[in-house]
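Asks: coordinates only, sequence not included:
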């Protein structure tokens, strides 16, 4: 018996859904790899390359499916639903084993990509009796690309901020199951007895629903295994994974798995970042802090009575919200972001510098380490040149500059880049037990001496210990290094190479 022609409208809607699901799985893998491994450009490039190659392999393999095309299509939908839906939990738990993470990661990406690559060729074959070939190809590819557009817009703007990665992948797994059930109905003449397919789809749907309901617990389990201490808060913003942990000694903030501070010894870091610069520009009134959304650098800035205004520019509203509302943060930063002197701006610091005109007496640059090209741009000559335009002629700025001991070449690249941007520099370092030996660079458009006098009452720094910060032993001494430029970010590659030795 010849199967009845299929109404193409519902099938085109199916194409839209499976295209959206396919791209979301790709984005989930890329985002997780960025969170867990860093270097966003590298991770997304690898994921896209492997995924597209796998789709090509899937399209090629589809020619070997000669019988029962509709049944095979439904089976593939069920398989994609399971693998894609559980991809985020699988990868998160796989990260607990450094030996197995990469094989699991690349294997999963290739597997999902292969299955997705089979979908469209089979769909074209199923519809060829109902639609003229030229219209069929045009319509299917149109809905395929529209689905990709929907995924690329909704993933960062809607799904990740509201559902997180676990629930997002599980939700789209459920959509693939819906496609499987819909296809069983649409192609019932070709499929025939569908009891087995319905049962398989129902089992996968039940597993995905269970995973969706338990997503918070699954995420907590993965986070608890990844972090040594109790996880108090774990959520993904459009920019990063924000995790707060606590132990007997205090609490810690992690961004994308990298420690930002420990409440036990953060005062050493923030006193070293802030107060030497005030010794260079005593009486500074207008201050800007880039990064530092935790409010701890601002806390130190507000200890200086001369300060009239502080502008904090931090990309992530989730971090600044925590700093203003979380009792642990407020207790540690003294409610610094609630001060009437402080203005919080959630923006990318580089375009913010470009579009503004206000001058500052002091600027503190407290970005995460340059472990990706997105962050690395904030350590380039272009960034420091923009900063120079917003700095008063007799002003100064201080930059956290990674460890001169563990990433010696990276540290001196930052110093060299600042110097090449037209600043006099004074590199220095401090001991922060949570990080080890940590580096900073103090800079000004005018020549200046090593600072000598600090405000009284600091916990770590004093006038007696300050000169030692500006002295480097042989194992941290200056190196001849290149300048970090926006279109040739040698710093990111160097940083990754140096820190990889300690993983």
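Replies: It's in. Model, not experiment: these values are computed from the prediction.
Asks: From now on I want contacts and neighbour counts done on CA atoms only, so please keep to that.
Replies: Noted.
Asks: Tell me which residue is most central in the chain.
Replies: Centroid-nearest residue in the chain: residue 240, 3.6 Å away (criterion: Cα atoms, centre = their mean).
Asks: Buried residues, the worst-scoring helix or strand of the chain on mean pLDDT. List them.
Replies: Ranking every helix and strand in the chain by mean pLDDT, DSSP states H and E puts helix 215-226 at the bottom, with a mean of 78. Residues of helix 215-226 classed as buried by neighbour count (16 or more other Cα atoms under 10 Å): 215-216, 218-220, 222-223, 226.
Asks: want to try a markdown table for these, with distance to residue 446 as columns?
Replies: Listed next are those as a markdown table, based on distance: Cα to Cα, whole Å:
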| residue | distance to residue 446 |
| --- | --- |
| 215 | 55 |
| 216 | 53 |
| 218 | 55 |
| 219 | 51 |
| 220 | 51 |
| 222 | 50 |
| 223 | 47 |
| 226 | 46 |
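Asks: if we take those residues, which one ends up nearest to residue 307?
Replies: residue 223 (40.2 Å; Cα to Cα).
Asks: Can you verify my assumption that that closest one contacts residue 232?
Replies: No: between residue 223 and residue 232 there is no contact under Cα atoms under 8 Å: 10.1 Å.
Asks: coming back round to it: how near is the residue nearest to the centre of the chain to residue 36?
Replies: According to Cα to Cα, to the nearest Å, residue 240 stands 10 Å off from residue 36.
Asks: Now list whatever residues contact both of these two.
Replies: residue 256 (Cα atoms under 8 Å, 6 or more residues apart in numbering).
Asks: Could you check how many residues crowd around residue 58?
Replies: For residue 58, the neighbour count with other Cα atoms under 10 Å is 23.
Asks: Report whether the expected contact of it with residue 118 is present.
Replies: Yes: using Cα under 8 Å, residue 58 is in contact with residue 118, at 4.6 Å.
Asks: Give the buried residues for stretch 65-81.
Replies: 69-81.
Asks: Ok, stretch 129-145 next?
Replies: So stretch 129-145, judged by 16+ other Cα under 10 Å, has buried residues 131, 136, 139-141, 143-144.
Asks: what residues does it touch?
Replies: The contact list for stretch 129-145, computed with Cα under 8 Å, 6+ apart, reads 5-8, 12-13, 15-16, 18-20, 120, 124, 127-128.
Asks: can you rerun that using 10 Å?
Replies: With Cα atoms under 10 Å, 6 or more residues apart in numbering as the test, stretch 129-145 has contacts from 3-9, 11-20, 22, 120, 123-125, 127-128, 146-149, 151.
Asks: Generate a ChimeraX selection restricted to the buried entries among those residues.
Replies: Buried subset of those, written as a ChimeraX selection, criterion 16+ other Cα under 10 Å:
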select :6,8,11,12,13,14,15,16,17,18,19,20,22,120,123,124,127,128,146,147,148,151
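Asks: out of the buried residues of helix 215-226, who's nearest residue 313?
Replies: residue 223 (28.7 Å).
Asks: ok, the residue lying closest to that closest one once chain neighbours are set aside - contacts?
Replies: Among residues not flanking residue 223 along the chain, residue 231 sits closest, at 6.9 Å (Cα to Cα, 6 or more residues apart in numbering). Going by Cα under 10 Å, 6+ apart, residue 231 touches 220-221, 223-225, 243-247, 251-252.
Asks: So what are the sheet partners of whichever strand or helix holds residue 231 and their directions?
Replies: Element membership of residue 231, judged by DSSP states H and E, is strand 230-236. The pairing partners recorded for strand 230-236 under DSSP bridges are strand 241-246 (antiparallel).
Asks: What lies in contact with the strand it pairs with?
Replies: 31-32, 34-36, 164-165, 223-224, 227-236, 251-259, 262-263, 316, 318-319, 322.
Asks: Okay, buried residues for stretch 245-265 please.
Replies: Neighbour-count burial for stretch 245-265 [16+ other Cα under 10 Å]: 245-246, 251-258, 260-263, 265.
Asks: Those: which two are farthest apart?
Replies: Farthest pair in those (Cα to Cα) is 256 and 265. Separation: 20.7 Å.
Asks: now the contacts of residue 231 in a markdown table, with distance to residue 330?
Replies: Compiled in a markdown table, these are given as follows (distance: Cα to Cα, whole Å):
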| residue | distance to residue 330 |
| --- | --- |
| 220 | 24 |
| 221 | 27 |
| 223 | 24 |
| 224 | 24 |
| 225 | 28 |
| 243 | 17 |
| 244 | 14 |
| 245 | 16 |
| 246 | 15 |
| 247 | 18 |
| 251 | 13 |
| 252 | 14 |
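Asks: secondary structure class for the residue nearest to residue 395 when sequence neighbours are not counted?
Replies: Once flanking residues are discounted, residue 395 sits nearest to residue 361: 4.5 Å by Cα to Cα, 6+ apart. Assigned with DSSP: H, G, I helix; E, B strand; the rest coil, residue 361 falls in the strand class.
Asks: Can you give me every residue that contacts residue 361?
Replies: Residue 361 neighbours (Cα under 10 Å, 6+ apart): 278, 281-288, 307, 390-397.
Asks: Residue 329: helix or strand, and which one exactly?
Replies: Here residue 329 is assigned to helix 327-333, by DSSP H and E.
Asks: Give me the buried positions along that helix.
Replies: Quick answer for helix 327-333 (16+ other Cα under 10 Å): 329-330, 332-333.
Asks: how far out from the middle of the chain is it?
Replies: 24 Å (Cα atoms, centre = their mean, to the nearest Å).
Asks: so what does the very next helix or strand once past that helix touch, helix or strand wise?
Replies: Proceeding N to C from helix 327-333, the next assigned helix or strand is strand 342-345, under DSSP H and E. Using 3 or more Cα pairs under 10 Å, 6 or more residues apart in numbering; DSSP states H and E, the elements in contact with strand 342-345 are strand 286-291, strand 309-313, helix 317-325.
Asks: Recalculate using a threshold of 6 Å.
Replies: Contact partners of strand 342-345 among helices and strands, from 3 or more Cα pairs under 6 Å, 6 or more residues apart in numbering; DSSP states H and E: strand 309-313.
Asks: Please work out the average pLDDT along the strand it packs on.
Replies: The average pLDDT within strand 309-313 is 97.
Asks: got the angle for that strand vs helix 317-325?
Replies: For strand 309-313 against helix 317-325, the angle by axes from the mean of the first three to the mean of the last three Cα atoms, to 10 degrees is 140 degrees.
Asks: show me where this structure has strands.
Replies: 230-236, 241-246, 251-255, 258-262, 286-291, 309-313, 342-345, 360-366, 391-400, 424-432, 436-444 (DSSP state E).
Asks: May I have the strands that pair with the last one, each with its orientation?
Replies: Spelled out, that is strand 436-444. Strand 436-444 has the following sheet partners, assigned by DSSP bridges: strand 391-400 (antiparallel), strand 424-432 (antiparallel).
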